[in-house]
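> Kindly return the folded structure for what I paste below:
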Amino acid sequence: MGDQHDGSTVHAEPVTDWVNDWDWLDSQWGTDAIDIWNAVREVTPMAMTERYGRAFMPVTMEAVSAIAKDTANFSSRFVSVAQPDATRRPAPPITSDPPDHRGHRRLLLPAFNPRATDAKVQETRYYCQSLIAALDGADTADAAVDYAQNIPVHVIAQMIGVPESDADLFRDWVYRNFQLAPKDNDVKINLMAEMFAYFEALLDQRRAEPLDDLASVVAHATIDGEEIDLETQVGFLILQILAGVDTTWSAIGSGLWHFATNPDDRDRLASCSVDDPLWQLASEEVLRFYAPVTMARLVAKDNDFHGCPMKKDDWVLLPFPAANRDPKQFEDSDTFIIDREVNRHSAFGLGIHRCLGSNLARLELKVAIEEFIGRFPNFELAGDTRWSVGQIRGPRELPVRILP
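Just a heads-up that it's a prediction; the model follows:
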């Protein structure tokens, strides 16, 4: 049971007890995470493991929400569960605790406000249409590889000001960060150095020749009149890649997987005009039902959480997708209701760290599904779907057959 450590690497044994020995990098997590959370909730509101030191996993909305909002007892300095000696670098504002968090978040807000997001609608739609045009006439396609994974890279690259020709590099960073690094410190060390060097060079360029992009904003920004150190500046940009690409790609892919396997829901959307409110309701239900993001907190000081003693430097995993399946929070929580109107889900997190880019993610998800179903109103799975494990969960391979 558990993991064996050999130098910088963790060799994992398969999980047989998800209540007392969970592992979010176990292969079962990708395909069976929802069943796992539901089964744990039947036994306890809080699972635990010793695989990464001591780590807890709440599975109710009440517990997840309380921890996410309690910045005094739970720190966001580390937002993924990994080995205790894992290499960490700041990725503000998601890794920022109060009082620093407010200034870090405020710096990025203009890039993600509704006005800035609305300005990207038409460009995102054109880009989705170009991806779909490349599939026109094909009998099969990989809706994850050929479509979903490309959309957030395109949007985020334009926002930061990095060349879209580096898309494969960004996807490689995402893969190594979320799939490999939690179990291998050497991977994390090399990855952090690689990303730091890339964005340090970009910031140097923008300090010399500023452009209309987020890199230039960060390169020249101050917070409360104070200059920002280089590590924090780089962290702002690393966050956009790690948080802005895989999350939205996973949500889009999960939505397309749902509509490939639920033709009644797909047919309802296919019969709607683009301005029908059902598209927005359906997108929100995709976010609730297939929420891709799980975050973490580091216990800041010894405390007793709802009768569960926690020690300083213990981990707490915050599976927002599990909270979205809590039957005490949602009526028919395990049913995808395409026109669900009361839908206060936690797909974008809770508390002060609620996702800064939620407006942008919603835009990308809704437009991507509208365009795909609008062009291919009849499609089904054409093979096995490969789901990722760990912090971001979604389809990495999604073969579909496009039907007449």
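
> which strands and helices sit next to the helix ranked longest in the chain?
Looking across the chain with DSSP state H, the single longest helix is helix 185-208. In terms of contacts (3 or more CB pairs under 8 Å, 6 or more residues apart in numbering; DSSP states H and E), helix 185-208 is packed against helix 167-175, helix 214-220, helix 230-244. The way it works is simple: take the backbone N, C-alpha and C, and place the C-beta from them, glycine included.

> Not counting its neighbours along the chain, what's nearest residue 43?
Residue nearest to residue 43 in three dimensions, not counting chain neighbours: residue 19, with 5.4 Å by CB to CB, 6 or more residues apart in numbering.

> Could I get the contacting residues of that neighbour?
40, 43, 44, 47, 48 (CB atoms under 8 Å, 6 or more residues apart in numbering).

> mind checking which helix or strand it is in?
Under the criterion DSSP states H and E, no helix or strand holds residue 19.

> Give me the distance between it and residue 39.
8 Å (CB to CB, to the nearest Å).

> Repeat that for residue 191.
Applying CB to CB to residue 191 and residue 39 gives a distance of 33 Å.

> related to what we said a few turns ago, tabulate the helices and strands packed on helix 185-208 in a markdown table, adding columns for distance to residue 74, mean pLDDT and mean neighbour count.
What follows is these, written out as a markdown table (distance: least, CB to CB, whole Å; pLDDT from 0 to 100; neighbours: other CB atoms under 10 Å):
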| stretch | distance to residue 74 | mean pLDDT | mean neighbour count |
| --- | --- | --- | --- |
| helix 167-175 | 25 | 95 | 17 |
| helix 214-220 | 27 | 98 | 21 |
| helix 230-244 | 19 | 96 | 22 |
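
> Mind putting these into TSV with distance to residue 379?
As requested, those are exported to TSV (distance: least, CB to CB, whole Å):
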stretch	distance to residue 379
helix 167-175	24
helix 214-220	35
helix 230-244	27
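
> Tell me which of those lies nearest to residue 196.
helix 230-244 (5.4 Å; CB to CB).

> quick one: the closest one to chain centroid distance?
Relative to its chain's centre, helix 230-244 lies at 15 Å (CA atoms, centre = their mean, to the nearest Å).

> For that helix, name the packing helices and strands.
Going by 3+ CB pairs under 8 Å, 6+ apart, helix 230-244 lies up against helix 100-112, helix 150-160, helix 167-175, helix 185-208, helix 214-220.

> mind checking which of these is nearest residue 401?
Ranking these by proximity to residue 401 (CB to CB) places helix 150-160 first, at 20.2 Å.

> Please give me every residue in contact with residue 166.
By CB under 8 Å, 6+ apart, the neighbours of residue 166 are residue 157.

> re earlier: can I get the longest helix of the chain as CSV, trimmed to CA atoms?
Provided in CSV are the C-alpha atoms of helix 185-208 (Å, rounded to 0.1, in the frame of the first residue of the first chain):
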residue,chain,number,x,y,z
ASN,A,185,11.2,16.3,-8.3
ASP,A,186,13.8,16.2,-11.1
VAL,A,187,11.0,16.8,-13.7
LYS,A,188,9.7,19.7,-11.6
ILE,A,189,13.2,21.3,-11.2
ASN,A,190,14.0,21.1,-14.9
LEU,A,191,10.5,22.3,-15.9
MET,A,192,10.7,25.3,-13.6
ALA,A,193,14.1,26.3,-14.9
GLU,A,194,12.9,26.0,-18.5
MET,A,195,9.7,28.1,-18.0
PHE,A,196,11.6,30.7,-16.0
ALA,A,197,14.2,31.2,-18.7
TYR,A,198,11.5,31.5,-21.4
PHE,A,199,9.6,34.2,-19.6
GLU,A,200,12.6,36.0,-18.3
ALA,A,201,13.7,36.5,-21.9
LEU,A,202,10.2,37.6,-22.9
LEU,A,203,10.1,40.2,-20.1
ASP,A,204,13.5,41.5,-21.1
GLN,A,205,12.1,42.1,-24.6
ARG,A,206,9.0,43.8,-23.4
ARG,A,207,10.9,46.1,-21.0
ALA,A,208,12.9,47.3,-24.0
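
> So what's the gap between it and the chain middle?
In terms of CA atoms, centre = their mean, the centre of helix 185-208 is found 21 Å from the chain centre.

> Mind listing what's buried along that helix?
Of the residues in helix 185-208, 185, 187, 188, 191, 192, 195, 196, 198, 199, 202, 203, 206 count as buried by neighbour count, 16 or more other CB atoms under 10 Å.

> how much does it deviate in direction from helix 167-175?
Between the axes of helix 185-208 and helix 167-175, defined by axes from the mean of the first three to the mean of the last three CA atoms, to 10 degrees, the angle is 130 degrees.

> Could you check the angle helix 185-208 makes with helix 230-244?
110 degrees.

> Report the angle between helix 185-208 and helix 150-160.
40 degrees.

> List of residues touching helix 185-208?
8-9, 82-83, 85-87, 89, 160-162, 169, 173, 176-177, 180-182, 213, 215-216, 218-220, 230-231, 233-234, 237-238, 241.

> ok so, going back, Serialize the helices and strands packed on helix 230-244 to TSV and add fields for distance to residue 295.
What follows is the helices and strands packed on helix 230-244, written out as TSV (distance: least, CB to CB, whole Å):
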stretch	distance to residue 295
helix 100-112	14
helix 150-160	18
helix 167-175	16
helix 185-208	17
helix 214-220	22
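
> closest to residue 323 out of the ones you listed?
Checking these against residue 323 by CB to CB gives helix 100-112 as the closest, at 21.6 Å.

> which SSE is the residue positioned nearest the centre of the chain in?
For the chain, residue 247 is the residue whose C-alpha lies nearest the centre (CA atoms, centre = their mean; 3.1 Å). In the assignment (DSSP H and E), residue 247 maps to helix 246-261.

> List the buried residues in that helix.
246-260.

> of the residues you listed, closest to residue 297?
For the buried residues of helix 246-261, the nearest to residue 297 is residue 247 (18.1 Å; CB to CB).

> buried stuff in stretch 50-61?
51, 52, 54, 55, 56, 57, 58, 59, 60, 61.

> what sits up against it?
2-3, 10, 12, 21-23, 37, 40-41, 45-49, 64, 67, 81-84, 182, 308, 310-311, 313-319, 322-324, 326, 328-329, 346.
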